[in-house]
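# 3D, please:
(one chain, ligands or ions: 1)
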Amino acid sequence: MENKTEKIISLAKRRGFVYPGSEIYGGLAGTWDYGPLGAEMLHNIKEAWWKKFVSDREDMYGIASSIIAPEQVWAASGHLKNFTDPLEGEKFNTMFKSSVGALKGETADVYLRPELAQGMFVNFKNIVDSFHPKLPFGIAQIGRCFRNEISPRDFLFRVREFDLMEFEYFVRESEWENHFEYWKKEMWNWMEEAGIDKNKVHELEVAPEDRAHYSKRTIDFEYDFDFGKKELYGLAYRTDHDLKNHKLDYYDEETKEKFVPHVVEPTFGAGRTLLAILDSAYSEDELGGEGRVFLKLKPHIAPVKTAVFPLLKNKPELVKKAREVYEEIKKEIQPVIFDDNGNIGKRYRRQDEIGTPFCVTIDFETLDNNSVTLRNRDTGKQERIKISELTAVLKSAILR
Ligand code: GAP
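Numbering: from 1, shown residues only. The predicted model follows:
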């Protein structure tokens with residue numbers, strides 16, 4: 001029998017969430033391509049994250065830094081020496097190396113970033129000069145990172161390129177523990193809001209010998225995947241390691257002190273988030289005597305918000321009315337799908353399988369009294385509702 005992850009992988013491929021990378025050439029290990037529904041869902045995850053941790057706050061500065069950085073950055077950060085995995089008794093550096101420049105003798109070694117954090121540190125002075133933030137404050141970013149993992153595996157869990165969502169929160173050394181506790185709570189809140197089953201998440205106090213080279217304390221948030229209990233997110237106290245090594249400091253204009261701030265860093269893999277959400281949302285039940293699969297996604301994460309159907313494809317007056325309703329809803333809510341393929345039961349099942357929270361059906365009664373049926377994904381229940389109220393009802397259920 002297929003396990004849950006295998007079922008999710010096959011659903012993801014069949015319905016256009018995630019495909020194996022370069023598949024028509026036999027694939028490339030550790031790469032996956034997001035299809036239309038996966039790209040939409042990944043976008044929703046990043047948008048929700050940015051809203052919670054950047055736009056809704058006054059103390060966070062969002063940036064988008066370069067993927068490529070010169071060797072000096074990785075020497076200062078310690079990645080050149082320490083970002084390694086053991087391989088046949090040797091240390092194997094998992095950063096992807098490349099070079100910039102065309103002319104012989106004028107090329108320089110560069111590395112694709114394995115984490116976002118260094119982009120925040122090398123821009124620390126820029127942010128301070130432009131915005132004069134008072135401590136504590138954070139610099140945040142979402143972006144692609146690259147790691148030449150020795151053995152990529154478990155679908156989106158361990159890949160060679162992935163999106164990270166991460167911030168560096170700069171604090172006074174004496175206050176790091178309070179901030180650490182605060183961000184730990186906020187990470188739990190985020191998981192709840194995103195639709196990650198919190199009963200499957202466990203905190204792990206990472207032992208000193210297992211911590212990254214820059215960390216004095218790390219908590220991993222582990223998730224019970226069916227391939228094992230594995231790291232979903234991390235929360236690290238990076239001390240003043242990075243700013244000190246980049247020879248950066250901070251001048252407090254009120255107290256007239258100059259010092260190196262300390263850093264608390266919450267980090268979230270976007271692909272692992274998507275995988276944990278799919279795992280949490282994947283459900284099977286029986287409806288009307290038939291087995292069904294549905295994704296119990298939160299509406300703000302679901303790739304499609306609403307589907308609109310004419311009851312019958314071959315009745316032009318139903319199709320016309322359904323298209324009108326579809327165009328109306330679409331002005332305020334996106335994406336909305338119009339579907340007139342197959343019978344109505346099959347259409348519902350197709351939407352259930354991709355986690356669409358609501359389906360709207362236009363039937364003969366609609367032509368009489370301008371009401372439609374609104375079907376709820378999780379219960380399968382339908383209610384009649386006036387078209388004039390439809391968009392407002394959907395908006396309040398879907399948009400946050
Ligand atoms: N700046 C801190 C940092 O990079 P990390 O624990 O090495 O910390 C951060 O990585 C997060 O990135 C992890 O918690 C995980 O969510 C995600 N991640 C790490 N390696 C990954 C991989 N090979 N594939 C997918 N996600 C990965």
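# Find the centremost residue of this protein, please.
Centroid-nearest residue in the chain, with C-alpha atoms, centre = their mean: Ala270, separated by 3.2 Å.
# Verify the contact between that residue and Glu47 for me.
No: using C-beta atoms under 8 Å, Ala270 makes no contact with Glu47, being 11.0 Å away. Bear in mind the C-beta positions are built from the backbone N, C-alpha and C, glycine included.
# and for the two, which residues touch both?
Common contacts of Ala270 and Glu47 (C-beta atoms under 8 Å, 6 or more residues apart in numbering): none found.
# ok, how many other residues are close to whichever residue of the stretch 101-250 of the chain sits closest to the ligand?
The ligand sits closest to Glu115 of the stretch 101-250 of the chain, with a gap of 3.4 Å, by C-beta to the nearest ligand atom. Applying other C-beta atoms under 10 Å, we find 20 residues neighbouring Glu115.
# Ok, Gly195 next?
By other C-beta under 10 Å, the residues close to Gly195 number 23.
# is it true that it touches Pro299?
No: checked against C-beta under 8 Å, the pair Gly195 and Pro299 is beyond contact range at 9.6 Å.
# Can you tell me the closest non-neighbouring residue to the residue of the stretch 101-250 of the chain closest to the ligand?
Cys145 (5.8 Å; C-beta to C-beta, 6 or more residues apart in numbering).
# in what helix or strand does Glu328 lie?
In this assignment (DSSP states H and E), Glu328 forms part of helix 316-330.
# What does the pLDDT read for the nearest residue to Asn82 once chain neighbours are set aside?
In this structure, Asn82 finds its nearest non-sequential neighbour in His213, 3.9 Å apart by C-beta to C-beta, 6+ apart. At His213, the model reports a pLDDT of 92.
# For His213, grab phi and psi.
phi -60, psi -20 (degrees, to the nearest 10).
# Equivalent analysis for Lys13, please.
The phi/psi pair for Lys13 (degrees, to the nearest 10) is phi -70, psi -50.
# Now do the same for the nearest residue to it once chain neighbours are set aside: helix, strand or coil?
Using C-beta to C-beta, 6+ apart and skipping the chain neighbours, the partner closest in space to Lys13 is Tyr19 (5.9 Å). Recorded secondary structure, Tyr19: strand (DSSP: H, G, I helix; E, B strand; the rest coil).
# which residues touch the closest residue to the ligand within the stretch 151-300 of the chain?
Distances between the stretch 151-300 of the chain and the ligand by C-beta to the nearest ligand atom are smallest at Gly269, namely 2.4 Å. When contacts are counted by C-beta under 8 Å, 6+ apart, Gly269 is found next to 162-165, 232-233.
# now do Ile67
Counted by C-beta under 8 Å, 6+ apart, Ile67 has contacts 112-113, 143-144, 146.
# now swap in Ser22 and tell me
28, 31.
# If I look at it, what pLDDT would I see?
98.
# Name the nearest residue to the residue of the stretch 301-400 of the chain found nearest the ligand, ignoring sequence neighbours.
Scanning the stretch 301-400 of the chain for the residue nearest the ligand gives Ile301, at 17.0 Å (criterion: C-beta to the nearest ligand atom). In space, Ile301 comes closest to Asn44 once its chain neighbours are excluded; the distance is 5.0 Å by C-beta to C-beta, 6+ apart.
# Pull up the gap between that neighbour and the ligand, please.
18 Å (C-beta to the nearest ligand atom, to the nearest Å).
# Where does that residue sit, in terms of helix or strand?
Going by DSSP H and E, Asn44 is part of helix 36-50.
# and that helix, how far from the chain's centre?
Helix 36-50 has its average C-alpha position 6 Å from the chain's average C-alpha position, going by C-alpha atoms, centre = their mean, to the nearest Å.
# What is the subsequent helix or strand relative to it?
Later in the chain than helix 36-50, the nearest helix or strand by DSSP H and E is strand 60-63.
# Return that following strand as CSV; C-alpha atoms alone will do.
Taking only C-alpha atoms (Å, rounded to 0.1, in the frame of the first residue of the first chain), the coordinates of strand 60-63 have been written out as CSV:
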residue,chain,number,x,y,z
MET,A,60,11.4,44.6,10.1
TYR,A,61,13.2,45.6,6.9
GLY,A,62,12.6,43.4,3.8
ILE,A,63,15.3,43.0,1.2
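# buried set for that strand?
Residues 60-61, 63 are the ones in strand 60-63 that count as buried (16 or more other C-beta atoms under 10 Å).
# sorry, back to before: strands - which of the contacts of Gly269 land there?
162-165, 232-233 (DSSP state E).
# Identify the farthest-apart pair in those.
Among these, the pair separated by the greatest distance (C-beta to C-beta) is Asp163 and Leu232, at 14.2 Å.
# Kindly calculate the angle that the helix or strand encompassing Leu390 makes with helix 316-330.
In this structure, Leu390 sits in helix 387-398 according to DSSP H and E. Angle, helix 387-398 to helix 316-330, by axes from the mean of the first three to the mean of the last three C-alpha atoms, to 10 degrees: 40 degrees.
# How about the backbone phi and psi for the closest residue to Arg377 other than its chain neighbours?
Excluding the flanking residues, the one nearest Arg377 by C-beta to C-beta, 6+ apart is Pro357, at 5.1 Å. Note on Pro357: its backbone torsions stand at phi -70, psi -30 [degrees, to the nearest 10].
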